[in-house]
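Asker: quick one, structure for this:
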Amino acid sequence: MQQGPREQTFADYLSVVRRYKWLIIVCALVVPLAAYLWSSQQDKVYRASSDVLLTRQDLGSTLTGIPTQSTVTDPVRYARTQARLARVPAVTQAAVANSGVGGLTASELTANSDVSANPDTDILIFGVNDREPNVATVLATAYAEAFVNYKLETETATLKTARTEIQGRLEELREAGASDTDQYRLLTQQAQSIRTLELLQQPASVVRPATDAGQIAPTPQRNAILGVLLGLILGLGGAFLLNALDRRIRHADEVEHELQIPLLAKLPTPRRSDAATILERAPDESTEAVARLRASFDFSNQSLGAKTVMVTSAGPREGKSTTIANLAIALARTGRHVALVDLDLRRPMLSRLFHLPDGPGITDLAARDTELADVLQPVGVTPLRARVASIGASEVGQGRLEVITTGRTRVEPAAFVESTGLTEALHTLRSHAEIVLVDAPPILATGDSIALTGKVDAVLLITRLGTLTRPTLQELARVLRRSPAPVLGLVATGAEIDEGYSVYAADEYFTPSRPQAEVPTPARLEEVPAEVRSASGGSTRWTPRRGG
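Answerer: Okay, here's the model as predicted:
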């Protein structure tokens, strides 16, 4: 049954960071560097400030003796009101006029200044920014003084108006000769009270005039630090965005989860010059990976007992032919008789991998133009032996590897894979060898492989991480579900992309106590001992090409 989507883990997020680490590093370096250079080119800005102490008086309550509800009784609201009052054009115009700074307008002062209220005190802070420190100092003090004068004028304006009206009434009474009346005496008393209130009015005062100005901009170091944070955010955001847009598969377990088939091994990307990894090279991470594949192949095939295994991939250039060649060699080195058949008629690769000459092959055998012995091209392999002298020689017998190339007879691939001759040829090879490995075309590229699934016992799938896309993987799953042959397992190549890939190189821990025998290569088959060639059932009628 198809399982749900694979849940993302912390390791998946960490793998995204590793995959796009250079993008993140570049952003984390370029953004702060750009911020630092940009800040360094900016003009210097200085800031000066002065403090004004606010006095809170309720004139209505003072005149009538009756408490009233007003903004004066709420200190926070009162301070905010005064801060807004300090931003009116009358105050800024007075500040510019009193400062003596030329070429400055009230709107420019408003744009380069601010007034804030201290929530814990009755203090207003007047701050002014300017490119010249002395100008900022002068403007900050002038701004605070202009506000103090404006506040005093607004708070005493009502008293002055009332006193002026009373003085006019008293003048009228004196002219009418009514200066000795009770009304005249009452108005005189009121005029004196208002005058007393004017004298007792407590104006706001500048408690700290601006004395110096400090530089507030530019701040290259702070901007560089902020640039690092911004660069990391941009880099991480870009990495996860690219990952979301990237449809390529990079984890073998994602392929395993989607296809619901076991993962047999992860192999590194083969070198272009690799003909057969474990045939010519000393043990390393690649040969160890092939050894793991061989062991997993044998284990998975125990219950199935498949003798004819077709190896295919979703598309081209996924390492299919190289993988099947190395698997064939690894099986032969354990003492098995292996026949390796190249049925990728559109793009045959095995003859080039093993440097084999042109000769009769599977098409000729299927057409009954030649005998089985004529199409078998033996490849000399040495059996596995103990790598530590004290263990002794290996009990493994001499294996045999025989390669059957595509052949000389030209055929139409789609019709050939459906032919009875191919069925009989595969049956003959099945009886001849212990295991037959068939190098088939990519299963999604042509219909050849789908037809071949009805002629083999099992299918081995090769996928290359970083090349296979999610839509292709979904289509591959649908095709494999219709395959009459069971899927033996999955091999993931390009495992360097998968952060879960690791190797255990034996050479790091063991050193042979005596030189190992030289492994004969296909290019040097004339040097293979006669007993090896005879055991392989090969003939010496053809001479292999030398070199590449």
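Asker: return the distance of residue 36 relative to residue 472.
Answerer: According to C-beta to C-beta, to the nearest Å, residue 36 and residue 472 sit 46 Å apart. In this view, the C-beta of every residue, glycine as well, is placed from N, C-alpha and C.
Asker: how about residue 266?
Answerer: Residue 266 sits 19 Å away from residue 472, going by C-beta to C-beta.
Asker: same check, this time on residue 121
Answerer: Counting by C-beta to C-beta - residue 121 and residue 472 are separated by 70 Å.
Asker: who has more neighbours, the two?
Answerer: residue 472 (17 against 13; other C-beta atoms under 10 Å).
Asker: hmm, the more buried one is touching residue 314, no?
Answerer: Yes - judged on C-beta atoms under 8 Å, residue 472 makes contact with residue 314 at a distance of 5.5 Å.
Asker: list residues touching both of these two?
Answerer: residue 444 (C-beta atoms under 8 Å, 6 or more residues apart in numbering).
Asker: mind checking the SS state of residue 378?
Answerer: strand (DSSP: H, G, I helix; E, B strand; the rest coil).
Asker: could you give the number of residues near it?
Answerer: Quick note: residue 378 (other C-beta under 10 Å) scores 21 neighbours.
Asker: how about the strands in the protein?
Answerer: For the chain, applying DSSP state E gives strands covering 45-53, 113-117, 123-130, 205-208, 214-217, 263-266, 308-313, 337-342, 377-379, 400-404, 435-439, 458-464, 487-493.
Asker: Serialize the ones you listed to TSV and add fields for distance to residue 233.
Answerer: Shown next, in TSV, are the strands of the chain (distance: least, C-beta to C-beta, whole Å):
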stretch	distance to residue 233
strand 45-53	27
strand 113-117	29
strand 123-130	29
strand 205-208	41
strand 214-217	23
strand 263-266	34
strand 308-313	40
strand 337-342	53
strand 377-379	56
strand 400-404	56
strand 435-439	49
strand 458-464	33
strand 487-493	33
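Asker: of these, which is nearest residue 145?
Answerer: Nearest to residue 145 among the strands of the chain is strand 205-208 (5.8 Å), distances taken as C-beta to C-beta.
Asker: report the buried residues of that closest one.
Answerer: Neighbour counts over strand 205-208 (16 or more other C-beta atoms under 10 Å) mark 206, 208 as buried.
Asker: export that strand as CSV, just CAs?
Answerer: Taking Å, rounded to 0.1, in the frame of the first residue of the first chain, the C-alpha atoms of strand 205-208 are listed here in CSV:
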residue,chain,number,x,y,z
SER,A,205,11.8,75.9,31.8
VAL,A,206,14.8,74.6,29.9
VAL,A,207,16.6,72.5,32.6
ARG,A,208,19.3,71.2,30.3
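Asker: ok, it: who's next to it in the sheet?
Answerer: Take DSSP bridges as the rule and strand 205-208 pairs in its sheet with strand 45-53 (antiparallel).
Asker: now the angle from the strand it pairs with to strand 123-130?
Answerer: 160 degrees (axes from the mean of the first three to the mean of the last three C-alpha atoms, to 10 degrees).
Asker: strand 45-53 versus strand 113-117: what angle between them?
Answerer: When the same axes, to 10 degrees is applied, the directions of strand 45-53 and strand 113-117 differ by 40 degrees.
Asker: which residues sit in contact with residue 358?
Answerer: 351, 405, 408.
Asker: equivalent analysis for residue 345, please.
Answerer: By C-beta under 8 Å, 6+ apart, the contact set of residue 345 is 363, 406, 411, 413, 416, 441, 448.
Asker: save the residues you listed as JSON lines, and put in distance to residue 176 and neighbour count too.
Answerer: Shown next, in JSON lines, are the contacts of residue 345 (distance: C-beta to C-beta, whole Å; neighbours: other C-beta atoms under 10 Å):
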{"residue": "363", "distance to residue 176": "140", "neighbour count": "26"}
{"residue": "406", "distance to residue 176": "136", "neighbour count": "26"}
{"residue": "411", "distance to residue 176": "137", "neighbour count": "19"}
{"residue": "413", "distance to residue 176": "131", "neighbour count": "18"}
{"residue": "416", "distance to residue 176": "136", "neighbour count": "21"}
{"residue": "441", "distance to residue 176": "126", "neighbour count": "24"}
{"residue": "448", "distance to residue 176": "128", "neighbour count": "22"}
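Asker: nearest to residue 99, of those?
Answerer: Using C-beta to C-beta, the contacts of residue 345 come closest to residue 99 at residue 441, 87.4 Å.
Asker: the closest one is in contact with residue 349, isn't it?
Answerer: No - counting by C-beta under 8 Å, residue 441 does not reach residue 349; the two are 10.7 Å apart.
Asker: could I get the strands of the chain as JSON lines with distance to residue 287 and mean pLDDT?
Answerer: Supplementary listing: those in JSON lines, determined by distance: least, C-beta to C-beta, whole Å; pLDDT from 0 to 100:
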{"stretch": "strand 45-53", "distance to residue 287": "67", "mean pLDDT": "95"}
{"stretch": "strand 113-117", "distance to residue 287": "73", "mean pLDDT": "93"}
{"stretch": "strand 123-130", "distance to residue 287": "71", "mean pLDDT": "95"}
{"stretch": "strand 205-208", "distance to residue 287": "81", "mean pLDDT": "91"}
{"stretch": "strand 214-217", "distance to residue 287": "63", "mean pLDDT": "91"}
{"stretch": "strand 263-266", "distance to residue 287": "12", "mean pLDDT": "90"}
{"stretch": "strand 308-313", "distance to residue 287": "19", "mean pLDDT": "94"}
{"stretch": "strand 337-342", "distance to residue 287": "17", "mean pLDDT": "95"}
{"stretch": "strand 377-379", "distance to residue 287": "16", "mean pLDDT": "91"}
{"stretch": "strand 400-404", "distance to residue 287": "16", "mean pLDDT": "93"}
{"stretch": "strand 435-439", "distance to residue 287": "18", "mean pLDDT": "95"}
{"stretch": "strand 458-464", "distance to residue 287": "18", "mean pLDDT": "92"}
{"stretch": "strand 487-493", "distance to residue 287": "15", "mean pLDDT": "90"}
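Asker: which among these is found nearest to residue 253?
Answerer: Among the strands of the chain, strand 263-266 comes nearest to residue 253, with 7.1 Å by C-beta to C-beta.
Asker: partner strands of that closest one, parallel or antiparallel?
Answerer: Next to strand 263-266 in the sheet, as set by DSSP bridges, lie strand 487-493 (parallel).
Asker: which residues of this protein score low on pLDDT?
Answerer: Low-confidence segments of the chain, defined by pLDDT under 70: 1-6, 56-73, 197-203, 270-284, 384-397, 497-548.
Asker: dead centre of it: give me the residue that sits there.
Answerer: Centroid-nearest residue in the chain, with C-alpha atoms, centre = their mean: residue 239, separated by 2.6 Å.
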